[in-house]
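Participant: quick check, what structure comes out for this input:
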Amino acid sequence: MDTLRVRDAKDVEEVVRAAIAGEQPLEIVGHGTKRGIGQPMATNAVLDVSALNAVSAYEPNELIITVQAGAPLADVQSLIDSKNQQFAFEPIDTSALTGISGNGTIGGMIGSGLAGPRRIKAGGARDHLLGAHAVSGFGDSFKTGGRVVKNVTGYDLCKLLTGAWGTLAVMTEVTLKVMPKPESERTLVLAGLDDVAANRAMTAALGSPFDVSGAAHLPNSAFRPATGAPADFASQGRAVTLLRLEGIAASVADRAASLGKALAPFGSVEMLEDAASATLWSAIRDAEPFAASGALGAWPVWRIVCPPASGSALGQALARETGGDVIYDWGGGLIWAALPPKPDAQAAMVRQRVEAAGGHASLIRASEEIRRNVDVFHPQSGGIAALSERVRHSFDPKIILNRGRMVRVSAS
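Facilitator: Model (predicted):
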């Protein structure tokens, strides 16, 4: 397979134009940590943007950073952490889940659009993307958005690039909002609740005035290993419901005490502070209970988004009917489901259940053979699919960029 390494946006333009002329689709790659997610692509050429790795500008006082798309995410996070700042949407590290180790890039973070537990409060990646430079499937560079929150240049087209998995354009540079890191955090732990009671507890907490920034539930499971941060609390024969508070230390302490009293009807409350709390939420963010190196590493993993009120019933039904395991985030609105291996990863049953609950499901981990024969991303309804096709055609009419990554199509 030919690997085409580029040094700047001009190189990207030339590679894309050559691909158009030769009718050769391109796989867009940074460090390749998410190559195992999505439909397998039929291509003989890889466009490697990892050399586009510079931080173009960082203005901590303005809470914005401009960085090239191939920059390692960990390096950028280390830079903003040195100024006590963060990406508030908590970008997911998929390496534990997929078993593909490495350092993901900023472009991969935007292209996948996967956000962590704080999404319920801070929004997703697209809410923090201010602007982008990219090369379209026409081989032309374009700029959308800007460097300030209220900029409307390009009619916010940059938002379309978030979650597009590289199928619309090759990002070369992005501008993102950063936010101050909280001074303190505490996690309230409720033990022994079933899924329905946990859903009620999370709903009560999120509806309270105490500004909850994380709400997750790990049911009692015989499958999960007795190691790691979540296992420290969930491996003792009990389920755990986790509620996070962040902010100024005095405020967090006061809100934690008040929320603990409000949740008294659900049981006694334990408390985790700062480092212990952060470690636990990092594991929840990355779905570490279903890590590829763990007991369920050979099981397909689904990422299901649904109305939070439907989460507990949906998760229980999936676990009961398949013999699988689930964990809940976003107050029940996000379900990670590891299901026993089947030739189709039980896609028909999963999607039937998910659609009945008003949600959608993506197959995040599965073998290449399964992903070749199953829709990895939830099939869109007719009207939405037609709109998506028109948008894609306006960016990449020849389907040169990541052909077949999101929707199964012929390689020809």
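
Participant: centroid residue for this protein?
Facilitator: In the chain, the C-alpha nearest the mean C-alpha coordinate belongs to Leu114, at 1.6 Å (C-alpha atoms, centre = their mean).

Participant: these two touch, right, that residue and Asp93?
Facilitator: No - checked against C-beta atoms under 8 Å, the pair Leu114 and Asp93 is beyond contact range at 9.5 Å. Where C-beta positions appear, they are placed from N, C-alpha and C, glycine not excepted.

Participant: ranges for the strands of the stretch 51-200 of the chain?
Facilitator: 55-59, 64-68, 85-86, 129-136, 141-145, 169-177, 179-180, 184-191 (DSSP state E, counting those that start in this stretch).

Participant: select from those strands the stretch with the lowest mean pLDDT.
Facilitator: The minimum mean pLDDT among the strands of the stretch 51-200 of the chain belongs to strand 141-145 (a mean of 91).

Participant: can you tell me the strand partners of that one and which way each runs?
Facilitator: Taking DSSP bridges as the criterion, strand 141-145 forms sheet pairs with strand 129-136 (antiparallel).

Participant: list the neighbours of the partner strand that are in contact with it.
Facilitator: Strand 129-136 has contacts (C-beta atoms under 8 Å, 6 or more residues apart in numbering) with 9, 12-13, 16, 64, 110, 141-149, 151, 153-154, 158-159, 161-162, 168-177, 395-396.

Participant: that older thread, joint contacts of Leu114 and Asp93?
Facilitator: In contact with both Leu114 and Asp93: no residue, using C-beta under 8 Å, 6+ apart.

Participant: which ones are touching the residue nearest to the centre of the chain?
Facilitator: Contact analysis of Leu114 by C-beta under 8 Å, 6+ apart lists 91-92, 94, 125.

Participant: picking up where we left off before, quick check: which of the strands of the stretch 51-200 of the chain is buried the most?
Facilitator: strand 169-177 (a mean of 25; mean count of other C-beta atoms under 10 Å).

Participant: got the angle for that one vs strand 141-145?
Facilitator: 30 degrees (axes from the mean of the first three to the mean of the last three C-alpha atoms, to 10 degrees).

Participant: dump the C-alpha coordinates for strand 169-177 into PDB.
Facilitator: C-alpha atoms of strand 169-177 as PDB (Å, rounded to 0.1, in the frame of the first residue of the first chain):
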ATOM      1  CA  ALA A 169     -12.400  16.900   3.800                       C
ATOM      2  CA  VAL A 170      -8.800  16.500   5.000                       C
ATOM      3  CA  MET A 171      -8.300  18.800   8.000                       C
ATOM      4  CA  THR A 172      -5.000  20.500   8.100                       C
ATOM      5  CA  GLU A 173      -5.500  22.900  11.000                       C
ATOM      6  CA  VAL A 174      -8.200  23.600  13.600                       C
ATOM      7  CA  THR A 175      -8.900  26.200  16.300                       C
ATOM      8  CA  LEU A 176     -10.500  25.000  19.500                       C
ATOM      9  CA  LYS A 177     -11.800  26.500  22.700                       C
END
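
Participant: what pairs with that strand, parallel or antiparallel?
Facilitator: Per DSSP bridges, strand 169-177 is paired in its sheet with strand 64-68 (antiparallel), strand 129-136 (antiparallel).

Participant: off-centre distance for the helix or strand where Asp254 lies?
Facilitator: Using DSSP states H and E, Asp254 maps to helix 249-262. Its chain's C-alpha centre and that of helix 249-262 lie 29 Å apart, by C-alpha atoms, centre = their mean, to the nearest Å.

Participant: partners of Lys177 in the sheet?
Facilitator: Ile64.

Participant: residues contacting it?
Facilitator: Taking C-beta under 8 Å, 6+ apart as the contact definition, Lys177 lies against 63-64, 88, 128-130, 149.

Participant: that's all I had, so thanks and see you.
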